[in-house]
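K.L.:
I need the structure of the sequence given here:
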Amino acid sequence: MISIPRYQQIAIEIASRISSGQYKVGEKIYARSSIASQYGVSSETARRAICILCDLEIVTSEKGSGVIIKSYENAVNFIRQYSKRQTIDTIKENLLKSIARQQKEMDTLNECLSDLITASEHFRSMNPFMPFEVKITSECSYLNKNLSENEALALIYLRSNDRMTNGDYQKINSVNRDKALQELKGLIKKDLIESHGIGSGSYYKLKMHIRDISEYINDNDESNNIKYITTSNKKSAQDRNDHLNKTERAVVDLLANNILSKTQIAHELGYKTVSGNLKEAIKNLLELDLIELTIPDKPKSKNQKYRLK
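P.N.:
Now for the predicted structure:
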């Protein structure tokens, strides 16, 4: 409960006795020292209680005459106002307690949500190849058609990596840039992935209707069996180098022990300027994830350089 000062409690009690008829109008009650003694408080506390009653014209206090009851009606009004205030204070107190409880519950909810997210991320990292499904309607032109192994690997990769570049597709499927682009376009036509960005900054993401279906799989239903395909049998970076052209190989060899800009690469290779052939070679190497930018956030920076990954 909200604490009420002692002098106010004394004033309320005296007013209650007046409103109940225990004290009559014109009757003289205790002097200040007697009130202090009766309620076990200091003279100052008793004085403050009497001052409240005097201000409300419930009593009068004259030096040498003590305290005299002045108005029954004012005493009744004071008690009514006090009761209303008590009701408001009680509502306020209950409201604050309710807010505190809700805040505590929200803190608990936030903690549980944080734990769930952490646990989910940990589980995903432990088991990235989660089962997934594609919702297919009767209007789908690819109904009853299967995905190729390359397409399945691409979807599995996107299921755990959020996005994929042409270079990523080339790495996981050991195909060249043109073949990767062709198969990625096929996945777009099948409404399984979508393209974002342009040029060397382009990438691919799963469409929103691709979602986890592990809870719907019946282990006893052979039609629901899902074959997990891993990339353990995929070729290494050395294998990918076998598909590089002469210019691309020269750039890779040059960056093996150096960090250079396009102009510096051109100079080292004997070019007078950065030729279109060299630009294309650098672009392909970036997509193959064999080299990387030193300033990835600003691809067109004048201070941009390249290094071997």
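
K.L.:
what ranges do the helices span in the stretch 51-200 of the chain?
P.N.:
Using DSSP state H, counting those that start in this stretch, the helices found in the stretch 51-200 of the chain span residues 72-126, 149-161, 166-173, 177-189.

K.L.:
Can you check which of these gets nearest to Ser65?
P.N.:
helix 72-126 (19.3 Å; Cβ to Cβ). Using the backbone N, CA and C atoms, a C-beta is placed for each residue, glycine as well.

K.L.:
for that closest one, what is the average pLDDT?
P.N.:
For helix 72-126, mean pLDDT is 80.

K.L.:
Which elements pack onto it?
P.N.:
Using 3 or more Cβ pairs under 8 Å, 6 or more residues apart in numbering; DSSP states H and E, the elements in contact with helix 72-126 are helix 6-19.

K.L.:
which residues touch the helix it packs on?
P.N.:
4, 23, 29, 35, 39, 41, 45-46, 48-50, 52-53, 58-59, 69, 72, 75-76, 78-79, 82 (Cβ atoms under 8 Å, 6 or more residues apart in numbering).

K.L.:
Show me what whichever helix or strand comes after it is packed up against.
P.N.:
Per DSSP states H and E, the first helix or strand lying C-terminal to helix 6-19 is strand 28-29. Counting contacts by 3+ Cβ pairs under 8 Å, 6+ apart, strand 28-29 is packed against strand 66-69.

K.L.:
and the strand it packs on, which strands flank it?
P.N.:
strand 28-29 (antiparallel), strand 59-62 (antiparallel) (DSSP bridges).

K.L.:
Off-centre distance for the first one?
P.N.:
This means strand 28-29. The chain centre lies 68 Å from the centre of strand 28-29; the measure is Cα atoms, centre = their mean, to the nearest Å.

K.L.:
Could you point out the helix or strand that follows it?
P.N.:
Assigned by DSSP H and E, the successor of strand 28-29 is helix 32-39.

K.L.:
ok, now how distant is Ser37 from Ala49?
P.N.:
13 Å (Cβ to Cβ, to the nearest Å).

K.L.:
Perfect, that will be all.
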